[in-house]
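>>> Sharing a model that was predicted from the sequence below.
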Amino acid sequence: MLLAGAMCLLLCLLATGCSPVVRAKVVSGEVSFVALVKADDERLDRPGLPGVTLLFNSDPDSLGRKRLGQAVTDEAGWVEMPIDLPAAGLARYEIEIIARRSGYAHARGTFILPGAGQRVLIFLKPGTDTYREPDDLGSEAEKYR
């Protein structure tokens, strides 16, 4: 019976509809940064920032960096992003989030894909967005072959 339950769990995790979901909230703050917090963290109750674009990448500091997608926060400052990576519910993936909104300094954070009991809390400081997309490391390497 235990084996059957484990097989069902494995099949669910490998199926397309069972991708882990990153749940994030963006709020205004004194400094721009990204933090992993527990799902019941009281700071998640703060008023959110709507219209913030979040970019999601896997393995951000490697040649295998991959853009997973982007999402925009709703009126309450929340966004949910399914993470479509092989065995994402089982394997440990490094995920990067970049948060950008006009009139705010960007925030960038890298962390291991959070579990169901965690949320991503992003603080954006009013100011100028100075984010610049990094060079494509693969293309740079090809120049020197």
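That came through, no problem.
>>> Could you measure from the residue nearest in space to the middle of the chain over to residue 22?
Centrality entry for the chain: nearest residue to the mean C-alpha point is residue 97, 4.3 Å, by CA atoms, centre = their mean. Note on residue 97: its distance to residue 22, by CB to CB, to the nearest Å, is 8 Å. Backbone N, C-alpha and C define where each C-beta goes, glycine included.
>>> shared neighbours, the two?
Taking CB atoms under 8 Å, 6 or more residues apart in numbering as the criterion, residue 97 and residue 22 both touch 56, 120.
>>> surely residue 47 meets residue 77?
Yes: contact criterion CB atoms under 8 Å: residue 47 and residue 77 qualify, at 7.2 Å.
>>> Of these two, which one has the most company?
Comparing residue 47 with residue 77 by other CB atoms under 10 Å, the one with more neighbours is residue 77, at 22 against 9.
>>> who are the neighbours in contact with the more buried one?
Listed by CB under 8 Å, 6+ apart, the contact partners of residue 77 are 25-27, 47-50, 52.
>>> which residues pair with the residue lying closest to residue 124 once chain neighbours are set aside across the strands?
Spatial nearest neighbour of residue 124, chain neighbours left out: residue 104 (4.1 Å); criterion: CB to CB, 6 or more residues apart in numbering. Beta-bridge pairing for residue 104 (DSSP bridges): residue 126.
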